[in-house]
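Student: Need coordinates for the below:
(chains A and B)
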Number of protein chains: 2
Amino acid sequence: MKEIESLFETYKNAVFQKDVEAFLSIFDEHVRIFDMWEWTYEGLVSWREMVKGWFGSLGTERVVVTFDEVQVEAAGGMAVASAYVRFAAISEQGEELRYLQNRLTWVAQQKGGVWKIIHEHTSGPVDGETMKVIMKR
Amino acid sequence: MKEIESLFETYKNAVFQKDVEAFLSIFDEHVRIFDMWEWTYEGLVSWREMVKGWFGSLGTERVVVTFDEVQVEAAGGMAVASAYVRFAAISEQGEELRYLQNRLTWVAQQKGGVWKIIHEHTSGPVDGETMKVIMKR
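Tutor: Next up, the predicted model:
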């Protein structure tokens, strides 16, 4: 689905550019986010604070996002995508410093001709012995 | 949405009864599951092994499942639900022994008049200091 591919592209570019407004442009005002690091963000106001904090914390590093094994299902103005996401930290010299991976689910709806994400769920699986999250596949 | 409510009911009852077939009846043959404890289960064959292992490990205990703050969106034969799930372990005497909570996303599709879950994502958020999963809201 072209429309969902464009959400992935916008996400990648916005993160690489640390562009808060471009990042937020693909999310619905009432988005519900089950985030890797927080129980939930309900709505764009709190999500904006998260994004500003994230991009602001990066210093001179940039983040390269890659989506793998994407599956998309769509019906009647709604689309769902699931994928693995790789976040790589890149130095000013373009060297990869470290990375982590997680699982992503997106639910998008077409609203006034534009696709917006109404639900995001990101996470890593848990090691049952240590109860720590696993960050690499 | 009545159909999604019925998936929640079947899930709860199947877990309480430790009924593997009833549990699996709401999942699609090609379901993709991003699980709390595993990166992924792709398809019913591996999901069946998980469920058999889970129910078989319970001994005389039972598990009472509760769904909270459920949100449902539906369009054209597809439905998405997000919720918090509470899993409580109950002794033979009906006493609650312990519980944990996580986040749940379900994507269901109507196939031949029957709703089947084609994607599930369950997780807890991660404490950024300890990297341990948080199991209680």
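Student: What segments of chain A are strands?
Tutor: Secondary structure of chain A by DSSP state E: the strands cover A:27-34, A:41-42, A:62-75, A:78-90, A:96-111, A:114-123.
Student: and the closest residue to A:T130 other than its chain neighbours, what does it touch?
Tutor: In space, and not counting its chain neighbours, A:T130 is closest to B:K132: 7.6 Å by Cβ to Cβ, 6 or more residues apart in numbering or on different chains. Any C-beta I mention is one placed from the backbone N, CA and C, and that applies to glycine too. Applying Cβ atoms under 8 Å, 6 or more residues apart in numbering or on different chains, we find B:K132 in contact with A:T130, A:M131, A:K132, A:V133, B:V126.
Student: ok, so of these, who is nearest A:W37?
Tutor: B:V126 (5.9 Å; Cβ to Cβ).
Student: Pull the contacting residues for the residue lying closest to that closest one once chain neighbours are set aside.
Tutor: The shortest distance from B:V126 to any non-neighbouring residue, by Cβ to Cβ, 6+ apart, is to A:V133 (4.5 Å). Taking Cβ under 8 Å, 6+ apart as the criterion, A:V133 is in contact with A:M36, A:S123, A:G124, A:P125, A:V126, A:D127, B:V126, B:M131, B:K132, B:V133.
Student: what about the residue lying closest to A:M135 once chain neighbours are set aside, neighbour count?
Tutor: Nearest residue to A:M135, sequence neighbours excluded (Cβ to Cβ, 6+ apart): A:L100, at 4.2 Å. When neighbours are defined as other Cβ atoms under 10 Å in any protein chain shown, A:L100 has 15 of them.
Student: hmm, back to that, look up which residues are beta-bridged to the residue nearest to B:V126.
Tutor: Beta-bridge partners recorded for A:V133 (DSSP bridges): A:V126.
Student: can you pull the pLDDT of it?
Tutor: Note on A:V133: pLDDT of 97.
Student: And A:G112, by the same measure?
Tutor: Note on A:G112: pLDDT of 87.
Student: Please tell me how far it sits from A:G77.
Tutor: 11 Å (Cβ to Cβ, to the nearest Å).
Student: In terms of neighbours, single out the busier of those two.
Tutor: Between A:G112 and A:G77, A:G77 has the larger neighbour count (other Cβ under 10 Å), namely 13 against 5.
Student: so what's that one up against?
Tutor: So A:G77 contacts A:Q109, A:Q110, B:A75, B:G76 (Cβ under 8 Å, 6+ apart).
Student: and A:F16, how many residues sit next to it?
Tutor: By other Cβ under 10 Å, 13 other residues sit near A:F16.
Student: ok, now which ones touch the closest residue to it other than its chain neighbours?
Tutor: Excluding the flanking residues, the one nearest A:F16 by Cβ to Cβ, 6+ apart is A:R62, at 5.8 Å. The contact partners of A:R62, by Cβ under 8 Å, 6+ apart, come to A:F16, A:K18, A:A89, A:I90.
Student: from those residues, which is closest to chain B?
Tutor: Within these, the smallest distance to chain B is 15.4 Å, found for A:A89 (Cβ to the nearest Cβ).
Student: what's the burial count for whichever residue of chain A sits closest to chain B?
Tutor: Proximity of chain A to chain B (Cβ to the nearest Cβ) peaks at A:G76, 2.2 Å away. The number of residues packed around A:G76, counting by other Cβ under 10 Å, is 12.
Student: doesn't B:E73 make contact with it?
Tutor: No: the pair A:G76 / B:E73 is not scored as a contact, 10.9 Å apart, by Cβ atoms under 8 Å.
Student: Who does A:V80 form a beta bridge with?
Tutor: Here A:V80, judged by DSSP bridges, has bridge partners A:E73, A:V107.
Student: Wait, it touches A:L104, no?
Tutor: No: using Cβ under 8 Å, A:V80 is not in contact with A:L104, being 11.1 Å away.
Student: what's the pLDDT at the residue lying closest to A:S6 once chain neighbours are set aside?
Tutor: Spatial nearest neighbour of A:S6, excluding adjacent residues (Cβ to Cβ, 6+ apart): A:W115 at 7.4 Å. A:W115 is assigned 95 on the pLDDT scale.
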